[in-house]
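K.L.:
here are the coordinates; sequence isn't available:
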């Protein structure tokens with residue numbers, strides 16, 4: 001995306017009261033963000049929905065200083081932007097009425113002619129949910145899908161890590177600006193994701209992860225994908241909101257059934273019971289419903305995840321203690337803390353361990 005286009009798009013979005021829909025309407029009418037801002041009062045008033053108050057806001061000069069400041073921060077953090085009107089804008093999202101005008105990202109995004117699915121669920125995933133996901137990803141690999149999720153605890157972060165383990169591109173959609181990573185515990189995973197995938201957001205730098213931003217984030221997760229998979233969910237939660245958004249965009253929704261006594265299967269069972277989601281028991285359900293064909297051969301993951309001596313030492317120490325902190329591992333294994341952290345990240349990517357609150361680690 002050209003620098004000039006980013007600048008004027010940012011300036012247009014800085015206009016009080018304009019919003020993404022208003023900005024897109026002006027660009028569609030005038031041909032570009034720059035022409036939209038330079039059209040003048042007479043021509044602005046000819047656009048449906050543009051009244052005298054918005055015309056006055058379009059004249060405010062500080063919108064350009066805001067745009068300039070944001071571009072400087074984007075350059076500092078190496079961020080890129082894609083516009084709704086660019087050819088490489090996520091095609092599925094383009095068909096959503098509330099699609100953002102700009103998406104900011106860092107990493108690599110390649111969605112052209114790709115199978116794209118979103119995977120969501122509870123932050124308090126059970127061992128049954130984890131086991132299901134590991135099996136499902138082995139079955140998904142031949143179809144080479146792009147995996148979209150939200151970098152949150154539980155289902156989200158396991159989806160990202162399993163995607164990388166199986167050589168699949170994964171994109172984390174964030175509820176804040178790209179000048180930070182939230183939760184901080186997933187920082188190293190986020191760095192790994194950007195090597196072949198990306199982090200993406202509609203929020204400007206400096207935007208904190210406030211509660212209302214997560215609902216806005218969820219519409220992008222649903223909108224970017226041809227299908228949304230709900231792995232586990234309680235009676236209420238963000239994953240059910242994402243499923244409802246996906247349905248409103250006329251996308252396929254799948255849910256993993258569970259025992260009626262399991263609190264983190266209540267949401268999934270209800271989606272299936274009320275015919276708002278198809279039952280998901282393995283990857284073949286997806287392939288059949290979405291008309292997928294295998295794209296590549298599976299790799300031999302038994303060889304890929306064989307542990308070297310240091311990895312094996314840490315793994316066996318965690319196994320012995322049930323759960324343990326990184327500092328304690330460093331002391332018990334007599335390894336530098338930086339080396340321990342590096343090994344822990346690899347073990348997480350292999351799907352052998354998981355991080356718990358308080359910087360504890362346990363065997364998956």
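P.N.:
Done, it's in. A quick note: this is a predicted structure, and the numbers were derived from the prediction, not measured.

K.L.:
checking residue 60 next. Helix, strand or coil?
P.N.:
What DSSP: H, G, I helix; E, B strand; the rest coil gives for residue 60 is coil.

K.L.:
got phi/psi on it?
P.N.:
Backbone torsions of residue 60, given as degrees, to the nearest 10, read phi -70, psi 130.

K.L.:
same check on the one 10 residues further on?
P.N.:
Dihedral angles of residue 70 (phi, psi; degrees, to the nearest 10) stand at phi -70, psi -40.

K.L.:
make sure it is actually in contact with residue 204.
P.N.:
Yes. In this structure residue 70 lies within contact range of residue 204 using Cβ atoms under 8 Å: 5.7 Å. For the C-beta atoms, the positions are set from N, CA and C on the backbone; glycine is no exception.

K.L.:
the two - which one has more neighbours?
P.N.:
More crowded of residue 70 and residue 204, by other Cβ atoms under 10 Å: residue 70, with 23 against 20.

K.L.:
need the contact list for the more buried one.
P.N.:
The contact partners of residue 70, by Cβ atoms under 8 Å, 6 or more residues apart in numbering, come to 10, 204, 205.

K.L.:
so which residues of this structure form strands?
P.N.:
In the chain, the strands defined using DSSP state E lie at 80-83, 102-107, 116-120, 146-149, 170-173, 198-201, 227-230, 252-255, 278-279, 323-325, 353-356, 360-363.

K.L.:
got TSV for those strands, with mean neighbour count too?
P.N.:
Shown next, in TSV, are the strands of the chain (neighbours: other Cβ atoms under 10 Å):
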stretch	mean neighbour count
strand 80-83	19
strand 102-107	22
strand 116-120	27
strand 146-149	26
strand 170-173	27
strand 198-201	23
strand 227-230	28
strand 252-255	23
strand 278-279	15
strand 323-325	15
strand 353-356	19
strand 360-363	17
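
K.L.:
ok, back up a step: go through the contacts of residue 70 and name the one nearest residue 211.
P.N.:
residue 204 (17.7 Å; Cβ to Cβ).

K.L.:
measure the closest one to residue 311 for me?
P.N.:
In this view, residue 204 and residue 311 are 40 Å apart by Cβ to Cβ, to the nearest Å.

K.L.:
can you check residue 16 too?
P.N.:
Applying Cβ to Cβ, the value for residue 16 to residue 311 is 54 Å.

K.L.:
what does residue 210 give?
P.N.:
As judged by Cβ to Cβ, residue 210 and residue 311 stand 39 Å apart.

K.L.:
residue contacts, residue 311?
P.N.:
Residue 311 sits in contact with 343, 346, 347, where contact means Cβ under 8 Å, 6+ apart.

K.L.:
tell me the confidence at the last one?
P.N.:
By that I understand residue 347. Looking at residue 347, its pLDDT is 84.

K.L.:
can you check residue 157 too?
P.N.:
Looking at residue 157, the pLDDT reads 97.

K.L.:
state the number of residues packed around the residue nearest to it when sequence neighbours are not counted.
P.N.:
Using Cβ to Cβ, 6 or more residues apart in numbering and skipping the chain neighbours, the partner closest in space to residue 157 is residue 186 (5.6 Å). By other Cβ under 10 Å, 21 other residues sit near residue 186.

K.L.:
pretty sure residue 186 sits against residue 159.
P.N.:
No. With contact defined as Cβ under 8 Å, residue 186 and residue 159 do not form a contacting pair (11.9 Å).

K.L.:
out of everything not next to it in sequence, what's closest to residue 254?
P.N.:
Nearest residue to residue 254, sequence neighbours excluded (Cβ to Cβ, 6+ apart): residue 280, at 3.9 Å.
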